[in-house]
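Asks: coordinates only, sequence not included:
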Ligand SMILES: Cc1cc2nc3c(=O)[nH]c(=O)nc-3n(C[C@H](O)[C@H](O)[C@H](O)COP(=O)(O)OP(=O)(O)OC[C@H]3O[C@@H](n4cnc5c(N)ncnc54)[C@H](O)[C@@H]3O)c2cc1C
């Protein structure tokens with residue numbers, strides 16, 4: 001683990017203890033019942049985790065994005081559903097309002113989002129496509145007097161249907177540019193707005209305690225003032241939001257990869273075969289050594305991307321590298337940890353089975369691994385060949 005400055009290390013230790021003492025004892029049962037962890041989320045709110053990168057004047061903790069990443073990593077060492085709930089609420093829900101919102105929008109939403117009293121969500125993906133967002137987008141928003149009228153649907157939206165969901169940022173087509181391309185804008189739609197319907201939650205392979213829904217909009221009217229930032233800036237806003245979000249997902253992935261190392265190290269001392277603890281055998285030792293290598297290098301990659309971001313330097317390529325490397329690490333470690341646990345790895349009673357189910361989405365969400373490679377190639381000037 002790279003040495004952290006004192007305030008970061010204090011935060012990391014606090015979240016580590018919370019994950020161990022509060023999350024770990026109850027999450028297995030909640031996961032099996034596919035229940036949203038309201039009580040855990042309430043306690044995370046009280047700890048200030050939802051306000052980590054938000055300035056104090058808006059009700060936040062006045063920290064930064066790296067602090068958020070450390071919290072995500074420590075939570076994901078124990079459970080990814082809890083970690084993604086925090087990630088989506090802050091990185092996708094609150095940060096766009098903080099970065100692009102008007103003074104009124106910030107005043108209305110940030111104190112509630114930063115305290116965890118309300119959760120934010122970001123509705124970008126549609127049933128017709130998530131990698132090619134502009135190509136797949138069908139949702140429209142038409143200005144009618146002083147109201148936007150929204151029609152369309154969104155797929156796979158995290159945090160969008162909980163009892164405490166407050167607002168969803170909805171990307172929609174608001175017109176056509178002179179060059180014939182879609183004009184995309186983001187509009188804030190509060191939960192409960194007439195014409196905004198949240199479907200029942202999906203049945204998922206993993207992230208079973210995280211809330212994921214399909215949304216539909218039928219003549220859904222919100223005030224014109226709910227436009228986030230400038231009209232036509234929606235595409236630029238989500239590109240920036242996703243660049244940052246990739247560092248956060250990388251941190252979550254590193255947490256899962258580390259959790260696999262932690263659990264495996266414990267187990268190989270206990271489990272015996274052929275007269276020795278299984279950790280005696282070099283085949284097992286090498287597996288754990290490889291898991292440690294992946295976790296360590298992935299952590300360095302996300303720390304580097306976060307460092308560039310906080311310094312105000314370009315970080316698009318490094319964020320994509322961090323996301324790609326760390327989601328690979330999470331997948332590979334989950335597979336190896338499950339193998340080390342043998343039959344027990346396939347049982348829900350041990351966390352590694354949950355890690356296995358939770359790892360796959362990390363290669364898909366907030367840009368698939370193919371999309372990360374496209375971004376890296378583009379940054380290397382290859383896409384114009
Ligand atoms: C649990 C969960 C939570 C999510 N939360 C949110 C959320 O909160 N908000 C939100 O907006 N979205 C969310 N998503 C959506 C997620 O970001 C998308 O699923 C993801 O971006 C991929 O889009 P898609 O599913 O439409 O796949 P597609 O875009 O249809 O891609 C299908 C396959 O084709 C590949 N592919 C596509 N184009 C190319 C190309 N040019 N070259 C090579 N390969 C290509 C992809 O990599 C992928 O393997 C969530 C998804 C899940 C499953």
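Replies: Perfect, thanks for sending it. Remember, it's a predicted structure, so these values are computed and weren't measured experimentally.
Asks: Residue 244 contacts residue 66, doesn't it?
Replies: No. The criterion here is Cβ atoms under 8 Å, and residue 244 misses it with residue 66 at 11.0 Å. C-beta coordinates here come from the backbone N, C-alpha and C atoms, glycine included.
Asks: Against which helices or strands is the host helix or strand of residue 174 packed?
Replies: Residue 174 belongs to strand 165-176 when assigned by DSSP states H and E. On a contact count with 3 or more Cβ pairs under 8 Å, 6 or more residues apart in numbering; DSSP states H and E, strand 165-176 meets helix 95-100, helix 103-115, strand 119-123, strand 140-144, strand 147-158, strand 182-190, strand 212-223, helix 234-270.
Asks: Ok, which of the ones you listed comes nearest residue 9?
Replies: helix 234-270 (15.4 Å; Cβ to Cβ).
Asks: Now look at the strand or helix carrying residue 353 and say if it contacts the ligand.
Replies: Assigned by DSSP H and E, residue 353 falls within helix 351-359. No. No part of helix 351-359 sits near the ligand under the criterion Cβ under 6 Å from any ligand atom; the closest distance found is 9.9 Å.
Asks: distance between that helix and the chain's centre?
Replies: Mean C-alpha position of helix 351-359 versus that of the full chain (Cα atoms, centre = their mean, to the nearest Å) differs by 16 Å.
Asks: Does it pack against any helices or strands, and if so which?
Replies: Partner elements for helix 351-359 (3+ Cβ pairs under 8 Å, 6+ apart): helix 24-33, helix 80-87, helix 234-270, helix 316-340.
Asks: Could you check the angle it makes with helix 80-87?
Replies: Using axes from the mean of the first three to the mean of the last three Cα atoms, to 10 degrees, the direction of helix 351-359 lies 40 degrees away from that of helix 80-87.
Asks: Touching helix 351-359 from outside, list them.
Replies: Helix 351-359 is contacted by residues 24, 27-28, 31, 78-81, 205-208, 253, 256, 259-260, 263-264, 327, 330-331, 333-335, 337-338, 340-341, 345-348 when judged by Cβ atoms under 8 Å, 6 or more residues apart in numbering.
Asks: Can you name the element that comes right after it?
Replies: Counting by DSSP H and E, the next helix or strand C-terminal to helix 351-359 is helix 369-379.
Asks: Can you point out the buried residues in that following helix?
Replies: By 16 or more other Cβ atoms under 10 Å, the buried positions in helix 369-379 come out as 369, 371-372, 374-376.
Asks: Around residue 78, how many other residues sit close by?
Replies: 27 (other Cβ atoms under 10 Å).
Asks: Three-state assignment for it, please.
Replies: Following DSSP: H, G, I helix; E, B strand; the rest coil, residue 78 is assigned to coil.
Asks: Could I get the phi/psi values of it?
Replies: phi -110, psi -40 (degrees, to the nearest 10).
Asks: Tell me the residue of the stretch 51-200 of the chain that sits nearest the ligand?
Replies: At 2.3 Å from the ligand, residue 130 is the closest residue in the stretch 51-200 of the chain, using Cβ to the nearest ligand atom.
Asks: so what's residue 222 up against?
Replies: 147-148, 150, 187-190, 193.
Asks: repeat for residue 130
Replies: Taking Cβ under 8 Å, 6+ apart as the test, what residue 130 contacts is 124, 136, 155-156.
Asks: Who wins on neighbours among those residues?
Replies: That'd be residue 124 among the contacts of residue 130, by other Cβ under 10 Å, with 25 neighbours.
Asks: The spatially closest residue to it that is not a sequence neighbour - how many residues pack around it?
Replies: Nearest residue to residue 124, sequence neighbours excluded (Cβ to Cβ, 6 or more residues apart in numbering): residue 171, at 4.9 Å. Residue 171 has 26 neighbours, counted by other Cβ under 10 Å.
Asks: what about residue 171, distance to residue 236?
Replies: 11 Å (Cβ to Cβ, to the nearest Å).
Asks: just residue 334 next, same as before
Replies: 35 Å.
Asks: contacting residues for the residue of the stretch 201-350 of the chain found nearest the ligand?
Replies: Here the residue of the stretch 201-350 of the chain nearest the ligand is residue 212; by Cβ to the nearest ligand atom that distance is 4.6 Å. Residue 212 is in contact with 156-158, 160, 201-202, 204, counting by Cβ under 8 Å, 6+ apart.
Asks: Swap in 7 Å and give it another go.
Replies: 156-158, 201-202, 204 (Cβ atoms under 7 Å, 6 or more residues apart in numbering).
Asks: Kindly report the same for residue 170.
Replies: The neighbours of residue 170, taking Cβ under 7 Å, 6+ apart as the test, are 123, 139, 150, 154, 186-187, 189.
Asks: and the contacts of residue 130 near the ligand, which?
Replies: Answer for those near the ligand (Cβ under 6 Å from any ligand atom): 124, 156.
Asks: Nearest to residue 309 among the contacts of residue 130?
Replies: Out of the contacts of residue 130, the member with the shortest distance to residue 309 (by Cβ to Cβ) is residue 124, at 20.2 Å.
Asks: Ramachandran angles for that closest one?
Replies: Dihedral pair for residue 124: phi -110, psi -50, per degrees, to the nearest 10.
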